[in-house]
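Asker: This is a predicted model, with the sequence first.
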Amino acid sequence: MKQKLMTAAFAALMAAGPALADLTIIDTSYRTGPYAANGIPFSDGYQDYFTLLNQRDGGIGGEKINLVECETGYNTEKGVECYEATKGAGNGALIYQPLSTGITYQLIPKASADGIPLHTMGYGRTSAKNGGVFEWVFNYPANYWDGASHAITHILDQNGGDISGKKISLIYHNSAYGKEPIRTLEELGKKHGFDLVLLPVDHPGQEQKSQWLQIRRDRPDYVLMWGWGVMNQVAVQEAVNIRFPMENFIGIWWSGSENDVKAAGPAANGYKALTFHNLGRNYPVYDDIQKHVLDAGKAAGAGDQLGSVLYNRGMYAAMLAAEAIKTAQEMHGVSVIDAAQLRDGMENLEMTEAKMAALGLPGFGPEFKVSCENHGGNGYGAVAQWDAAAGEFTLITDYFQSDQEIIAKLVAEDSAAFAAENGITPRC
């Protein structure tokens, strides 16, 4: 398996031609396996945005982007193998977006030692928000602990600010990913007086009968979900089967794509999910993607994912990487940057509404500014709701901030423990 992976990665590099582009971006994708339905649209959006920059703008700062895709199957071992196989591609890989908390945990020490930045947008190790300890890891614009707080804030809003005595069940992927919000929810439970019930679901998530029988028996007021891939589809269908009120079922942003709800049909109407970016394709940048990428036959996939939740997220991740590259080029006065210079660009990235509008994405995401102390953004998110008749998620709230008092405390504690375990002296 390892030899096949290495051979595939080498073939991908050779396909780029003898004159490799100067800005190498690795897409650690998963187009196969039980998580493919979610991995495909993200990868399509990620690649298509970089292709747009190559086709329309000649790259970034005059330098073409060399895109290298490596299939991980959402498997941690394969993800690490992809990293090792591709980190020397072109003039050296500039950035990795692992799209897996398990892979991220394994890559943090490797990428830190190699001096290659990781962007774990809305996933990964949450305490990596502390850039003083995690120099090479960035998780802006929001993290899992922000998401846990967003869900509770929304529930508070639905109950006049008082949820004491309420019962909230968390159904979660039994992995590092799914376990991330537990401590935050426990702290929020102490603060707001709700009872938390934990319901783990083993990979890949197709067997959930016992968990939903328990939900039917316990009759929680709300169910939160940290799922991914087929787990989400099964959970939504099981919720429908026991007639759980969908408006009280709230998923994290990785449990809020069209793939997660369509199979359940009209009965999924009202299901909610968190998000840290806007939805749909009513943005000027899509006209450019259609013209320069799809119509030119350059799309990463079938071209059928534009405007979907996860295509938007992949495109957003690519846009943030591109803006960090521009920042690094300006900071260092060169167009051909290396991974260390990109790290500087990421740590000095500022996203404003004016900048997003100029990129053809007005109102697409929250404003934020990165610094040494803060690699994670300002903790803003929103709630979306599934409209089965329209076949789309729509925002039902404005962006609002997570409970910064609790989040900051948890980030400080966890990052301090990591620093002590690994002999790291915080930079800032």
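Answerer: Now that the structure is in, tell me what you want to look at.

Asker: When you work out contacts or count neighbours from here on, use the C-alpha atoms and nothing else.
Answerer: Will do.

Asker: Next, find the distance separating the residue nearest to Gly303 when sequence neighbours are not counted from Leu52.
Answerer: Distances taken as Cα to Cα, 6 or more residues apart in numbering place Leu294 nearest to Gly303, at 6.4 Å, with adjacent residues excluded. Going from Leu294 to Leu52 by Cα to Cα, to the nearest Å gives 9 Å.

Asker: do the same with Gly365
Answerer: Using Cα to Cα, we find Gly365 at a distance of 20 Å from Leu52.

Asker: What separation do you get for the closest residue to Gly345 other than its chain neighbours and Tyr105?
Answerer: Ranked by Cα to Cα, 6+ apart and with sequence neighbours excluded, the top spatial neighbour of Gly345 is Ala328, at 4.0 Å. Ala328 is 26 Å from Tyr105, where distance means Cα to Cα.

Asker: More neighbours: the two, which one.
Answerer: Ala328 (27 against 16; other Cα atoms under 10 Å).

Asker: Let me know the next secondary structure element after the host helix or strand of the more buried one.
Answerer: Applying DSSP states H and E as the criterion places Ala328 in helix 309-332. Downstream of helix 309-332, the first helix or strand assigned by DSSP H and E is helix 339-347.

Asker: Give the other helices and strands that that following helix contacts.
Answerer: helix 309-332 (3 or more Cα pairs under 8 Å, 6 or more residues apart in numbering; DSSP states H and E).

Asker: so what's Leu185 up against?
Answerer: Counting by Cα atoms under 8 Å, 6 or more residues apart in numbering, Leu185 makes contact with 148-149, 196.

Asker: what comes up buried for whatever helix or strand Val80 lives in?
Answerer: Taking DSSP H and E as the criterion, Val80 maps to helix 76-86. Across helix 76-86, burial judged by 16 or more other Cα atoms under 10 Å covers 76, 78-86.

Asker: again, but for stretch 400-413
Answerer: 400-403, 406-407, 410-412.

Asker: got those as JSON lines, with pLDDT and distance to Gly360 columns?
Answerer: Putting these into JSON lines (pLDDT from 0 to 100; distance: Cα to Cα, whole Å) gives the following:
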{"residue": "Phe400", "pLDDT": "97", "distance to Gly360": "23"}
{"residue": "Gln401", "pLDDT": "97", "distance to Gly360": "25"}
{"residue": "Ser402", "pLDDT": "98", "distance to Gly360": "27"}
{"residue": "Asp403", "pLDDT": "97", "distance to Gly360": "31"}
{"residue": "Ile406", "pLDDT": "96", "distance to Gly360": "35"}
{"residue": "Ile407", "pLDDT": "96", "distance to Gly360": "32"}
{"residue": "Leu410", "pLDDT": "96", "distance to Gly360": "36"}
{"residue": "Val411", "pLDDT": "97", "distance to Gly360": "34"}
{"residue": "Ala412", "pLDDT": "97", "distance to Gly360": "36"}
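
Asker: Out of these, the closest to Ala357 would be?
Answerer: The nearest member of these to Ala357, counting by Cα to Cα, is Phe400 at 20.3 Å.

Asker: Next, find the distance separating that closest one from Thr275.
Answerer: When distance is defined by Cα to Cα, Phe400 is 11 Å away from Thr275.

Asker: what's around the closest residue to Asp403 other than its chain neighbours, how many residues?
Answerer: Residue nearest to Asp403 in three dimensions, not counting chain neighbours: Ser149, with 6.0 Å by Cα to Cα, 6+ apart. Ser149 sits with 24 neighbouring residues when counted by other Cα under 10 Å.

Asker: one step back: pretty sure the residue nearest to Gly345 contacts Ala339?
Answerer: No. Taking contacts as Cα atoms under 8 Å, Ala328 lies outside contact range of Ala339: 9.7 Å.

Asker: Leaving aside the residues adjacent along the chain, what's closest to Lys166?
Answerer: Spatial nearest neighbour of Lys166, excluding adjacent residues (Cα to Cα, 6+ apart): Phe194 at 4.8 Å.

Asker: To what extent is the residue nearest to Gly303 buried, counted in neighbours?
Answerer: Counted with other Cα under 10 Å, the neighbours of Leu294 add up to 19.

Asker: hang on, isn't it packed against Gln305?
Answerer: No. With contact defined as Cα under 8 Å, Leu294 does not reach Gln305; the gap is 11.1 Å.

Asker: low pLDDT regions in this protein?
Answerer: The chain contains residues with pLDDT under 70 at 1-21.

Asker: quick one, strands of it?
Answerer: Shown for the chain, the strands assigned by DSSP state E span residues 23-29, 65-71, 118-119, 137-138, 167-173, 195-201, 222-226, 249-251, 272-275, 350-351, 368-369, 380-387, 392-395, 400-401.

Asker: quick one: the fifth one to strand 222-226, angle?
Answerer: In this case it means strand 167-173. Strand 167-173 and strand 222-226 are oriented at 20 degrees to each other (axes from the mean of the first three to the mean of the last three Cα atoms, to 10 degrees).

Asker: Quick check: the residue nearest to Gly303 vs Gly59, distance?
Answerer: Applying Cα to Cα, the value for Leu294 to Gly59 is 17 Å.

Asker: One more: Leu349?
Answerer: Note on Leu349: its distance to Gly59, by Cα to Cα, is 19 Å.

Asker: can you count the residues close to Asp304?
Answerer: Asp304 has 12 neighbours, counted by other Cα under 10 Å.

Asker: I meant His173, not that one.
Answerer: Around His173 sit 22 other residues, with neighbours defined as other Cα under 10 Å.

Asker: All further residue positions should be reported with the first residue as 598.
Answerer: New numbering, starting at 598: the last item is His770.

Asker: That one bridge partners, please.
Answerer: Val798 (DSSP bridges).

Asker: wait, doesn't it sit right on Trp825?
Answerer: Yes. The criterion here is Cα under 8 Å, and His770 meets it with Trp825 at 7.4 Å.

Asker: Could you list the domains of the protein?
Answerer: 599-739+876-975, 741-872 (automatic domain parsing).

Asker: Dump those domains to CSV, plus distance to Ala986.
Answerer: Output for these, formatted as CSV (distance: least, Cα to Cα, whole Å):
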stretch, distance to Ala986
domain 599-739+876-975, 15
domain 741-872, 7
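
Asker: closest one to Asn1019 among those domains?
Answerer: domain 599-739+876-975 (9.6 Å).

Asker: Gln982 is nearest to which of the domains of the chain?
Answerer: Across the domains of the chain, closest to Gln982 is domain 741-872 (Cα to Cα), at 4.3 Å.

Asker: Much appreciated, bye for now.
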